[in-house]
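**Student:** output the structure for:
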Amino acid sequence: MAFEEQIIEALSFLPPWLTTVIIAMLPIIELRGSIPIAIGYFNIGPVESYVLSVIGNMIPVPFILWLLGPVERLIRATGLFEKTFNRFSDSAVRRTSRSIEAYEFLGLAVFVAIPLPITGAWTASLAAYILRMNKKDAIPSIFLGVIIAGVIVTLASMGILSVWGI
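**Tutor:** Below is the predicted model:
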């Protein structure tokens with residue numbers, strides 16, 4: 001059984017709209033997975049799929065940005081998971097630092113807008129934290145990127161855009 005099918009099955013007791021929101025909240029999957037699932041599996045309309053997925057994808061962002069500081073301090077103080085945290089941090093910085101540092105708001109938005117794995121709101125939130133971006137700038141920037149990615153994924157899910165070329 002595919003990972004997406006396992007998630008859908010685990011959440012099968014919930015209404016489809018709520019499952020869509022929850023899937024959009026999950027790291028790595030985010031709205032890149034929730035929109036096609038909502039449209040193709042649950043037969044939710046494209047506009048509703050888009051709105052639910054954008055909302056779900058943005059829910060974790062402020063929590064990530066505000067809680068990463070205390071979590072990092074705890075990790076560093078205890079030494080637990082420090083190597084894992086450093087590995088994820090280094091990876092996020094390698095993928096994002098040049099474009100985000102050079103263009104900040106726009107760079108972060110474009111990074112999120114590109115609907116590829118690991119270019120979503122979770123990684124952007126981590127990168128914004130590590131690069132010490134102002135949270136008041138990072139949240140709208142990530143939101144703009146999520147909106148654009150959502151449009152691209154929705155159009156691709158409807159067959160209007162080709163996945164390999166626009």
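
**Student:** when you work out contacts or count neighbours from here on, use the C-alpha atoms and nothing else.
**Tutor:** Will do.

**Student:** okay, and for this protein, where does confidence drop off?
**Tutor:** Residue ranges of the chain with pLDDT under 70: 1, 88, 91-102, 161-166.

**Student:** how is the chain divided into domains?
**Tutor:** Using automatic domain parsing, the domains assigned to the chain come out as 3-57, 59-148.

**Student:** out of these, nearest to Leu155?
**Tutor:** Nearest to Leu155, of all these, is domain 3-57, at 8.4 Å by CA to CA.

**Student:** end-to-end on the closest one?
**Tutor:** One end of domain 3-57 sits 18 Å from the other (CA to CA, to the nearest Å).

**Student:** show the backbone phi and psi for the residue nearest to Val153 when sequence neighbours are not counted.
**Tutor:** For Val153, ignoring the flanking residues on the chain, the nearest one in space by CA to CA, 6 or more residues apart in numbering is Arg32 at 6.2 Å. Backbone torsions of Arg32, given as degrees, to the nearest 10, read phi -60, psi -30.

**Student:** quickly note the distance from Arg32 to Asp137.
**Tutor:** 23 Å.

**Student:** the two: who's more crowded?
**Tutor:** Set Arg32 next to Asp137 and count neighbours by other CA atoms under 10 Å: Arg32 wins out with 25 against 13.

**Student:** my read: that one touches Ile152, true?
**Tutor:** No: if you go by CA atoms under 8 Å, Arg32 and Ile152 don't touch, sitting 9.3 Å apart.
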